[in-house]
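Any chance you could fold what I've pasted below:
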Amino acid sequence: MPCPLVLAQRIQQDLAHTIVPGDRNWDLPEVIRCEEEGAGLPTKNLLGWAPATTLSTEQRQLIEGAGITPDDFGATTGRYQLNKALFEIIADHMRRTTSMKLSDGLHESEKGSISQVIWQEIITYLIPQYQIPNIIG
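Numbering: from 1, shown residues only. As a prediction, this is how the structure comes out:
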């Protein structure tokens, strides 16, 4: 699951980019930004971060209808960044949905894809203190 603060910021950045198109890259909120000098911007390796995208008219109306602006997510809880209005809008859409497809299918590759398939590889060397194979997964 993406970091709630990163995901909330991503929604705000998508909205900001839709309103005023520009640079799609954005930085993290100061409270979780890397303090290391010269760290640069986040990358897709940070779960939940991605360059800003242009929202559809329906997406923009939904987000703005939940009280979200480029400067305020409207969270009712700080830790989980819950925007109750957005949560209720999404729940309502899901209640009205008659069928749902969550993915395009199962990835056949054992490596290199972002899929909900467990992958593990047994390494041939042993961990000395335990004398068991090292399993990476």
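
What are the buried residues along the host helix or strand of F87?
For F87, the enclosing helix or strand under DSSP states H and E is helix 84-96. Residues of helix 84-96 classed as buried under the neighbour-count rule (16 or more other CB atoms under 10 Å) are A85, L86, I89. Heads up, the C-betas are built off the backbone N, CA and C, glycines and all.

ok, of those, which one's closest to R33?
L86 (24.1 Å; CB to CB).

What pLDDT is listed against the closest one?
With respect to pLDDT, L86 scores 94.

circling back to that earlier point, mind listing residues that contact the helix holding F87?
By CB atoms under 8 Å, 6 or more residues apart in numbering, the residues outside helix 84-96 that reach it are L62, I63, G65, A66, G67, I68, G74, T76, M100.

Quick check on those residues: which are buried?
L62, I63, A66, I68, G74.

gap between stretch 71-87 and the chain center?
15 Å (CA atoms, centre = their mean, to the nearest Å).

Contacts only, for Q59.
Here Q59 is in contact with D14 (CB under 8 Å, 6+ apart).

mind running it again at 10 Å?
I11, D14, L15, T18, T53 (CB atoms under 10 Å, 6 or more residues apart in numbering).

cool, T53 as well?
Neighbours of T53 in contact, by CB under 10 Å, 6+ apart: R10, Q13, D14, H17, T18, R24, Q59.

Sketch out the low-pLDDT regions of the protein for me.
For the chain, the stretches with pLDDT under 70 are 1-2, 102-137.

the helices in it, which residues?
4-19, 57-65, 84-96 (DSSP state H).

What spatial separation is found between the residue nearest the centre of the chain and P4?
Centroid-nearest residue in the chain, with CA atoms, centre = their mean: G48, separated by 2.4 Å. Per CB to CB, to the nearest Å, G48 is found 8 Å from P4.
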